[in-house]
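*Asks:* Can you look at this prediction? I've put the sequence above it.
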Amino acid sequence: MATLSLYLFDSTYLTHYHHPFAIRSYLQPSSIASHSFPDIDNVGSKIKARRRSTSRFVALSTHSNPRILKSNRKSRYGQTLSPYDSEEDEHEGNEDDDSEEDWLSDDEFGELQDYDADLKKLKSQKMANTRLGGSSTGSFYSPDGKGKMKARKSIDERFSQLSEELGLDEKCFPLLIYLSTFGLKESHFIQMYERHMPSLQINVSSAQERLDYLLSVGVKHRDIRRILLRQPQILEYTVEKSLKSHVAFLKDLGIPEVRIGQIISAAPSLFSYSVENSLKPTARYLVEEVGIRKNDLAKVVQLSPQILVQRIDNTWNTRYNFFSKELGAPRDSIVKMVRKHPQLLHYSIEDGLLPRINFLRSIGMQDSDILKVLTRLTQVLSLSLEENLRPKYIYLINELRNEVKSLTKYPVYLSLSLDQRIRPRHRYLVSLKKVPKGPFPLSSLVPTDASFCQHWAGTSVDQYLAFRQRLLLKDFATKYGRR
């Protein structure tokens with residue numbers, strides 16, 4: 001059952017901006033001296049007051065079964081963090097604090113002279129009815145064939161309230177406009193501000209250079225918004241001294257270039273960790289202490305990128321001791337489980353691992369059999385008890401007339417879809433009167449549809465798919481009382 005991670009969303013900000021555009025700017029180092037920072041305490045109180053009046057939510061992340069993850073981490077501003085990207089040790093991961101300044105360029109707060117004239121011109125076009133009580137639609141700019149900007153809506157009108165609440169200077173507006181091309185709205189900027197206020201004061205040309213680089217190494221345009229909401233500091237990391245070195249590290253691990261973007265999107269906080277003092281030692285620990293073969297390290301990281309930003313020594317030792325004591329599991333079996341499903345290092349023992357082991361015990365499995373199942377199909381530890389494991393067990397006993405011990409031989413049964421695979425194939429063979437006597441053979445559920453139809457049903461794939469579709473529609477109608 002999918003669950004959503006919800007953040008408050010202001011219903012007055014529903015403006016959509018559809019036209020991407022390019023931004024050109026020149027830097028004025030003299031602006032650094034004149035730059036002013038907002039009163040954070042005052043801003044915080046305004047944000048809290050504003051949030052009390054909101055009633056909508058926006059979903060930022062989903063997971064099939066997040067209850068098994070440790071989800072009680074919060075940011076320095078008290079905001080709940082996603083269980084997918086371990087940022088709780090951000091400062092610990094950034095062990096070389098003295099070198100952090102090398103990641104930042106000298107022009108981060110440069111003034112954008114090119115926009116001065118545009119801002120003055122557009123300010124005169126401000127509408128009398130501001131967005132304090134309503135919403136507006138449309139884009140501010142859209143490029144023509146030569147890349148020139150066309151005014152569609154006043155910058156002031158869109159960001160005036162945001163500027164007032166956060167204390168942002170007009171010099172930040174070009175950055176906000178550029179980030180809007182990735183789908184970020186006012187509520188998202190507030191989240192970024194809460195996580196890391198300086199991220200909204202970066203020079204727009206520097207931000208564009210860094211995001212362009214991420215796109216060039218395979219990050220999807222649609223993922224940029226999620227990355228910025230989870231790790232807004234990424235706008236501060238320079239391409240040459242930070243981003244490239246981290247990408248090179250991933251390539252050295254053996255991560256294929258086509259998967260680099262996916263790794264970054266899944267664990268953007270890895271950029272806040274030192275390659276030499278944190279990431280490389282973590283990789284060495286996985287090989288030398290945990291026992292992951294060096295050739296398997298790239299596969300493990302691709303399955304769970306968050307493993308690079310965990311306190312791996314603590315998570316490994318805790319779960320190793322748990323499986324050793326609870327199931328009598330030897331080290332080799334535990335290492336095999338981690339290699340197949342490294343996500344188990346993220347799972348809570350009390351709320352995730354132990355309840356699933358106890359469920360398998362409750363249906364009659366011995367600890368030795370449970371260990372065999374988990375070693376062969378470690379993903380069982382990620383499946384929902386009520387929505388997945390229990391219904392499949394009931395169907396196995398009541399409909400397939402099979403025994404629990406068959407799961408030791410065919411643990412893959414627990415990973416198959418009850419509605420899309422198990423029930424349709426069983427019912428199809430019953431309708432054809434081709435069900436063997438005795439317990440239903442679980443081996444018929446394993447092969448592809450083509451192989452199943454050829455070796456078990458003796459019909460065409462199209463006939464089986466048509467039957468499955470009718471069965472799904474019938475079950476849907478029964479479930480929701482429709483005939």
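*Replies:* Done, it's in.

*Asks:* can you pull the buried residues of the helix or strand where V338 lies?
*Replies:* V338 is located in helix 331-340, with elements delineated by DSSP states H and E. Going by neighbour count (16 or more other CB atoms under 10 Å), the buried part of helix 331-340 is S333, I334, V335, K336, M337, V338, R339, K340. Backbone N, C-alpha and C define where each C-beta goes, glycine included.

*Asks:* Show me what that helix is packed up against.
*Replies:* Contact here means 3 or more CB pairs under 8 Å, 6 or more residues apart in numbering; DSSP states H and E; on that basis helix 331-340 packs against helix 294-303, helix 312-327, helix 367-376.

*Asks:* for those helices, which one sits closest to L235?
*Replies:* helix 294-303 (24.5 Å; CB to CB).

*Asks:* For that closest one, list the C-alpha coordinates in CSV.
*Replies:* This file holds the C-alpha atoms of helix 294-303, laid out as CSV (Å, rounded to 0.1, in the frame of the first residue of the first chain):
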residue,chain,number,x,y,z
LYS,A,294,34.3,-5.6,-5.0
ASN,A,295,32.7,-6.7,-8.2
ASP,A,296,29.2,-6.6,-6.5
LEU,A,297,29.7,-3.1,-5.0
ALA,A,298,28.3,-1.2,-8.0
LYS,A,299,25.2,-3.4,-8.0
VAL,A,300,24.7,-2.8,-4.2
VAL,A,301,24.9,0.9,-4.6
GLN,A,302,22.5,0.9,-7.6
LEU,A,303,20.0,-1.1,-5.6
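
*Asks:* What mean pLDDT does it get?
*Replies:* For helix 294-303, the mean pLDDT works out to 95.

*Asks:* What lies in contact with that helix?
*Replies:* Helix 294-303 is contacted from outside by 250, 253-256, 259, 262-263, 283, 286-287, 292, 307-308, 338-339, 341-343, using CB atoms under 8 Å, 6 or more residues apart in numbering.

*Asks:* change it to 6 Å
*Replies:* Helix 294-303 is contacted from outside by L253, G254, I255, R259, V287, I292, R339, P342, using CB atoms under 6 Å, 6 or more residues apart in numbering.

*Asks:* Now do the buried residues in that helix.
*Replies:* D296, L297, A298, V300, V301, Q302.

*Asks:* And stretch 277-295, by the same measure?
*Replies:* Residues of stretch 277-295 classed as buried: S278, L279, K280, T282, A283, L286, V290, G291, I292 (neighbour count, 16+ other CB under 10 Å).

*Asks:* Which of the helices or strands spans the fourth one?
*Replies:* Using DSSP H and E, T282 sits in helix 280-285.

*Asks:* picking that back up, return the helix holding V338 as PDB; C-alpha atoms alone will do.
*Replies:* Extracted C-alpha coordinates of helix 331-340, given in PDB (Å, rounded to 0.1, in the frame of the first residue of the first chain):
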ATOM      1  CA  ARG A 331      27.700 -14.400   8.400                       C
ATOM      2  CA  ASP A 332      27.700 -15.600   4.800                       C
ATOM      3  CA  SER A 333      23.800 -15.700   4.700                       C
ATOM      4  CA  ILE A 334      23.500 -12.200   6.100                       C
ATOM      5  CA  VAL A 335      26.100 -10.900   3.600                       C
ATOM      6  CA  LYS A 336      24.100 -12.600   0.900                       C
ATOM      7  CA  MET A 337      20.900 -10.900   2.100                       C
ATOM      8  CA  VAL A 338      22.600  -7.500   2.100                       C
ATOM      9  CA  ARG A 339      24.000  -8.100  -1.400                       C
ATOM     10  CA  LYS A 340      20.600  -9.000  -2.800                       C
END
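
*Asks:* and after that helix, which helix or strand comes next?
*Replies:* helix 354-362.

*Asks:* how big is the angle separating that following helix from helix 312-327?
*Replies:* 20 degrees (axes from the mean of the first three to the mean of the last three CA atoms, to 10 degrees).

*Asks:* Please work out which residues outside helix 354-362 touch it.
*Replies:* In contact with helix 354-362 (CB under 6 Å, 6+ apart) are residues I370, L381, L385, L389.

*Asks:* Can you list the low-confidence ranges for the stretch 351-483 of the chain?
*Replies:* By pLDDT under 70, the weakly predicted segments of the stretch 351-483 of the chain are 481-483.

*Asks:* Repeat the analysis, applying 80 as the threshold.
*Replies:* 479-483 (pLDDT under 80).

*Asks:* Show me the strands in it, by range?
*Replies:* Per DSSP state E, counting those that start in this stretch, the stretch 351-483 of the chain has no strands. Nothing in it meets that criterion.

*Asks:* Now render the helices and strands packed on helix 331-340 as TSV, adding distance to V219.
*Replies:* Formatted as TSV, the helices and strands packed on helix 331-340 follow (distance: least, CB to CB, whole Å):
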stretch	distance to V219
helix 294-303	15
helix 312-327	25
helix 367-376	34
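
*Asks:* Y273: which of those helices is closest?
*Replies:* Closest among the helices and strands packed on helix 331-340, once you apply CB to CB, is helix 312-327, at 11.9 Å.

*Asks:* buried residues in that closest one?
*Replies:* I312, T315, W316, R319, Y320, F322, F323, E326, L327.

*Asks:* same check, this time on stretch 465-479
*Replies:* F467, R468, L471.

*Asks:* can I assume the first one is in contact with R427?
*Replies:* No: between F467 and R427 there is no contact, the gap being 7.8 Å when judged by CB atoms under 6 Å.

*Asks:* From the rest of the structure, what touches the lengthiest helix in the chain?
*Replies:* Longest helix of the chain, by residue count under DSSP state H: helix 461-479. For helix 461-479, the surrounding residues in contact (CB under 6 Å, 6+ apart) are P424, R427, Y428, D449, A450, C453.

*Asks:* Same check on stretch 327-337?
*Replies:* Residues contacting stretch 327-337 (CB under 6 Å, 6+ apart): G291, Y320, F323, D367, L371, T375, T378.

*Asks:* residue contacts, the fourth one?
*Replies:* With contacts taken as CB under 6 Å, 6+ apart, D367 has the following neighbours: L327.

*Asks:* Distance-wise, check it relative to A477.
*Replies:* Using CB to CB, to the nearest Å, D367 is found at 43 Å from A477.

*Asks:* what separates the nearest residue to R376 once chain neighbours are set aside from L297, distance-wise?
*Replies:* Take R376 and drop its neighbours on the chain: the residue closest to it by CB to CB, 6 or more residues apart in numbering is P411, 5.0 Å away. Distance of P411 to L297, computed by CB to CB: 26 Å.

*Asks:* One more: I422?
*Replies:* When I422 is compared with L297 (using CB to CB), they lie 35 Å apart.

*Asks:* burial count for the closest residue to P268 other than its chain neighbours?
*Replies:* Computed as CB to CB, 6+ apart, the closest residue to P268 that is not its neighbour in sequence is Q231, at 3.9 Å. Residues within reach of Q231, counting by other CB atoms under 10 Å, total 24.
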